[in-house]
Structures are given as structure tokens and as C-alpha cells.
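Asks: quick one, what's the 3D model for this:
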Amino acid sequence: MTIYEKISPDNTEPTLRIALERAARMSTDVILASSTGASAFAALEMAKDIGFTGRIVAITSVWGMGGPGKNPLSEEDRGRLEDAGVQIVTAGHALSGVERSLSGRFKGVYSTEIMAQTLKLLSEGVKVCVEIGVMAMDAGKAEYMRPVVAVGGTGRGCDTACVLTPSYSASIFETRVHEILCKPY
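Replies: Numbers count the residues shown, from 1 in each chain. Sure, this is the predicted structure:
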């Protein structure tokens, strides 16, 4: 496992290389978080460089994240990614979504948020990897009970990659994290 000394967008390139090379060896898909599309475009370029021919699925932020009626991924970039073969999922975040609204209004803590915070004990990126794997499953963009390489991060860029077998949100406890390939200290 690679451990980065600090959280930084500079970890994006080595994280994508680690993830794409591992996915190529496994002949599996890469699922990655990409709010603005920058990480997805970087993954596309690196995939060409290393000869990765598998599927890339980009999980974007929800509508409203950039303000009411807005999305951080522009329609132009969404189209460019889709034209390049990237499959895009834009959906409510599996480990926050509605529960964030409840906790914000009623000032309580709810089970999904506890699960998310527990995963963050390992790292923010591990939580993101599990979350996007589940979101890809719910959207039909990952194969049932087939391991994938998930890529997430802390803030901007990528700094975490995991091999995991995602399940649906309705059966999230069937999700298995097999390996943490890299993460920040």
C-alpha cells in the first residue's frame, strides 16, 4: 500500500496510475469520483498512456452542489467525457443524501452518517470509494458481485484507491473492501 505524506491534489497522478494499473491486471472497471470532471479527464489520458482498455465510470456531484440548479460538471465537459466513452453517474450520495438534510434540520445523528464517519476513520477517500461503488451499483454501472477499483479523494483530486466489491445501497453491508491500494497518512 502506498501512503502519501499529506493530502494534496498532487497525489492525483500517482493514485490514478496505481488504480488503472491494478484494474488492468484484474481486467476490471475503474469507478472514480469526479465533481468537475478534472479527475475523469486525467484518468482518460493516463488510461491511454498505460493501455488500460477497461470501463471508466465517473461519479459526479449532485445537482445543487454548485448552487440551486447547478452542477460542478459543465454540460460541455459531461458531453466530452461521454463522447470519450466515460460512463457518468449523477445521483444522491449514498452515504449522506437525505440523512444530511435530517441531521441539519433536527440536529441528530443518523445511521448512514455513523457509517460514513466510521469509514472516515480509515480516510475520507475510503469512505468515498465505498460510496461511489454503491452509487455505481444502484445506477447499473457496475456488475453485481464483481470487484472494481474505486478511486476517491479528500477535497480536490484523487488520493485513495481501493479494490472493492460493491453492493446496492439496499444491501450495503454486502460491500467488501478487499485492498486499500493507496491513501493519505
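Asks: same for the least confident helix or strand in the chain by mean pLDDT, what does it pack against?
Replies: Across the helices and strands of the chain, mean confidence by mean pLDDT, DSSP states H and E is lowest for helix 97-106: a mean of 73. Packing partners of helix 97-106 (3 or more CB pairs under 8 Å, 6 or more residues apart in numbering; DSSP states H and E): helix 111-120. Just so you know, the C-beta spots here come from the backbone N, C-alpha and C atoms, and that holds for glycine as well.
Asks: tell me what the helix it packs on is packed against?
Replies: For helix 111-120, the packing partners by 3+ CB pairs under 8 Å, 6+ apart come out as helix 97-106, helix 124-138.
Asks: now the last one: average pLDDT?
Replies: To tie it back to what came earlier, the one meant is helix 124-138. Averaging pLDDT along helix 124-138 gives 96.
Asks: that older thread, list the contacts of the least confident helix or strand of the chain.
Replies: If you take CB atoms under 8 Å, 6 or more residues apart in numbering as the criterion, helix 97-106 is touched by 92, 108-113.
Asks: just to revisit the earlier point, among the helices and strands packed on helix 111-120, which is the most enclosed?
Replies: The highest mean neighbour count among these, using mean count of other CB atoms under 10 Å, belongs to helix 124-138: a mean of 26.
Asks: this completes my enquiry, with thanks.
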